[in-house]
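structure of the sequence below:
(chains A and B)
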Amino acid sequence: TQLLEQSPQFLSIQEGENLTVYCNSSSVFSSLQWYRQEPGEGPVLLVTVVTGGEVKKLKRLTFQFGDARKDSSLHITAAQPGDTGLYLCAGARGTSYGKLTFGQGTILTVHP
Amino acid sequence: GAGVSQSPSNKVTEKGKDVELRCDPISGHTALYWYRQSLGQGLEFLIYFQGNSAPDKSGLPSDRFSAERTGGSVSTLTIQRTQQEDSAVYLCASSHRGAYEQYFGPGTRLTVT
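Below you'll find the model as predicted:
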């Protein structure tokens, strides 16, 4: 049973399009993080959200944490080929900062 | 400063052999984590060290897996009597105490033949 359900698994779009990736759970998380991973490298942290309803923006990326802290979304505006990669959500429960539960990931391909 | 480093980057071993994977965390980071990433399974938590506290080993899949962290810095993940299902990328990460943000190394790709 996957504690964090991430969707879609695959996303193939044209440059300039918008997209949203979802991360859902029936459990409450104390924090939720989004990472981006490129082939042959480890995941790189994009953002951490800790407050229900929180919205954070990072250039063309907008991250939202659900009010109940059970879900999150990543929205990319005007996607570019450089956004191509594997996007992972990860949650920590209670005070277990280090024990992250990861979603299955979304492989995003942005075509020029 | 240097990031998290892992060695070797690739390891091919025969079924039944033991392997050791090494992780050098970012200097000053007191927390160190091991994860396993395989196709269809995503990223799976294995073990977590925090300072001098007893490690959280709750993610280790079997007693063939063990890890130690010497001097609060370098860590070694050991897999005994490797099986084909152990083939995966093993990722190490480190962080400051109590911090949400984890910094990952490039991983060790283990192939068991």
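
which parts of chain A sit against chain B?
A:2, A:31, A:33, A:35, A:40-45, A:48, A:50, A:88, A:90, A:92, A:96-105 (Cβ under 8 Å from any Cβ of the partner chain). C-beta coordinates here come from the backbone N, C-alpha and C atoms, glycine included.

just the buried residues of the residues you listed.
Among the residues of chain A next to chain B, the ones that count as buried by 16 or more other Cβ atoms under 10 Å in any protein chain shown are A:31, A:33, A:35, A:42-43, A:45, A:48, A:88, A:90, A:92, A:97-105.

returning to that earlier point: restricted to strands, list the residues of chain A next to chain B.
With DSSP state E as the criterion, strands contain A:Ser31, A:Gln33, A:Tyr35, A:Val44, A:Leu45, A:Thr48, A:Leu88, A:Ala90, A:Ala92, A:Thr101, A:Phe102 from among those.

what sits against the fourth one?
By that I understand A:Val44. Contacts of A:Val44 were listed using Cβ atoms under 8 Å, 6 or more residues apart in numbering or on different chains, and they are A:Tyr35, A:Arg36, A:Gln37, B:Phe104.

now do the contacts for the third one.
With contacts defined as Cβ under 8 Å, 6+ apart, A:Gln37 is in contact with A:Pro43, A:Val44, A:Gly85, A:Leu86, A:Tyr87, A:Leu88, A:Gly105.

output the contacts of A:Val44 as a markdown table; include the columns pLDDT.
Converted to a markdown table, these look like this (pLDDT from 0 to 100):
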| residue | pLDDT |
| --- | --- |
| A:Tyr35 | 96 |
| A:Arg36 | 96 |
| A:Gln37 | 94 |
| B:Phe104 | 95 |
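
specify which member of the residues you listed is nearest to B:Pro8.
Set against B:Pro8, the nearest of the contacts of A:Val44 by Cβ to Cβ is B:Phe104 (16.7 Å).

show me what the closest one is bridged to.
Counting by DSSP bridges, B:Phe104 forms beta bridges with B:Ala93.

and it, how many neighbours?
22 (other Cβ atoms under 10 Å in any protein chain shown).

B:Ala54 too?
When neighbours are counted by other Cβ under 10 Å, B:Ala54 comes out with 7.

swap in the one 4 residues further on?
Applying the criterion other Cβ under 10 Å, we find 11 residues in the vicinity of B:Ser58.

how close does the residue lying closest to it once chain neighbours are set aside get to A:Leu3?
The spatially closest residue to B:Ser58, leaving aside those adjacent along the chain, is A:Lys99, at 7.5 Å (Cβ to Cβ, 6 or more residues apart in numbering or on different chains). A:Lys99 sits 11 Å away from A:Leu3, going by Cβ to Cβ, to the nearest Å.

where does chain B dip in pLDDT?
For chain B, applying pLDDT under 70 flags the ranges B:1, B:40-41.

which of the contacts of A:Gln37 sit farthest apart?
Longest span within the contacts of A:Gln37, Cβ to Cβ: A:Val44 and A:Gly105, 13.5 Å.
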